[in-house]
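Engineer: Next come a sequence and a model predicted from it.
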Amino acid sequence: MQPHFTGTSLITDDVPALAAFYAAVLDADVEGGAPFARVLIPGAVLSFDSTQGMESMVPGAMAGAAGGGFTLEFQVTDVDARHERLLAQGIEILKPPTTQPWGRRSVWLRDPDGNIINLYQEA
């Protein structure tokens with residue numbers, strides 16, 4: 001059987017803040033709090049673990065780890081409407097809605113830990 005992707009966990013120093021940010025961006029609810037929370041979205045689970053929690057489970061696990069090193073992509077129905085809602089929430093936009101030559105229309109923002117979020121739709 002091929003591996004089946006079920007979700008990802010973001011490791012952070014502020015689980016409640018990061019989980020609340022993603023819940024607002026993705027129109028989802030947060031389950032849990034510090035040191036572990038998750039946001040259920042169709043197709044996967046986005047979870048949040050505290051840096052201290054990871055270290056307590058496996059001492060040394062966070063050695064050399066850095067934040068802000070990846071992009072998460074979420075397909076949405078209407079990038080432009082989502083962009084307007086993000087602006088109304090006071091969320092800083094890195095790249096306004098843009099249609100790429102390969103057919104995606106996307107808007108980019110950054111989460112509080114520095115990771116890029118790409119909200120896109122097929123153009």
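Structural biologist: Perfect, thanks for sending it. Keep in mind that this is a model prediction, so the values were computed, not measured. Residues are numbered from 1 along each chain as shown.
Engineer: Now tell me which helix or strand of the chain has the poorest mean pLDDT.
Structural biologist: None of the helices or strands of the chain scores lower by mean pLDDT, DSSP states H and E than helix 51-57, at a mean of 84.
Engineer: what residues does that helix touch?
Structural biologist: The contact list for helix 51-57, computed with C-beta atoms under 8 Å, 6 or more residues apart in numbering, reads 11, 12, 13, 35, 36, 61, 62. For every residue, glycine as well, the C-beta is placed using N, CA and C.
Engineer: Of the residues you listed, keep whichever come out buried.
Structural biologist: 11, 12, 35 (16 or more other C-beta atoms under 10 Å).
Engineer: Quick check: strands, which of those are part of them?
Structural biologist: Counting by DSSP state E, those place 11, 12 in strands.
Engineer: Let me have the buried ones among the contacts of helix 51-57 in a markdown table, extended by pLDDT and distance to residue 45.
Structural biologist: Shown next, in a markdown table, are the buried ones among the contacts of helix 51-57 (pLDDT from 0 to 100; distance: C-beta to C-beta, whole Å):
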| residue | pLDDT | distance to residue 45 |
| --- | --- | --- |
| 11 | 92 | 15 |
| 12 | 92 | 16 |
| 35 | 92 | 16 |
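Engineer: ok, the buried ones among the contacts of helix 51-57 vs residue 24, which is closest?
Structural biologist: Residue 24 has its nearest neighbour among the buried ones among the contacts of helix 51-57 in residue 12, at 15.6 Å by C-beta to C-beta.
Engineer: May I see the buried residues of the top helix by length along the chain?
Structural biologist: Ranked by residue count and defined by DSSP state H, the top helix of the chain is helix 15-26. For helix 15-26, burial by neighbour count (16+ other C-beta under 10 Å) applies to 15, 16, 18, 19, 20, 21, 22, 23, 25, 26.
Engineer: wait, what's in contact with the second one?
Structural biologist: It stands for residue 16. 33, 34, 37.
Engineer: Over to residue 6?
Structural biologist: Contacts of residue 6 (C-beta under 8 Å, 6+ apart): 44, 45.
Engineer: What segments of this structure are strands?
Structural biologist: 7-12, 30-33, 36-41, 44-50, 71-75, 93-99, 104-110, 116-122.
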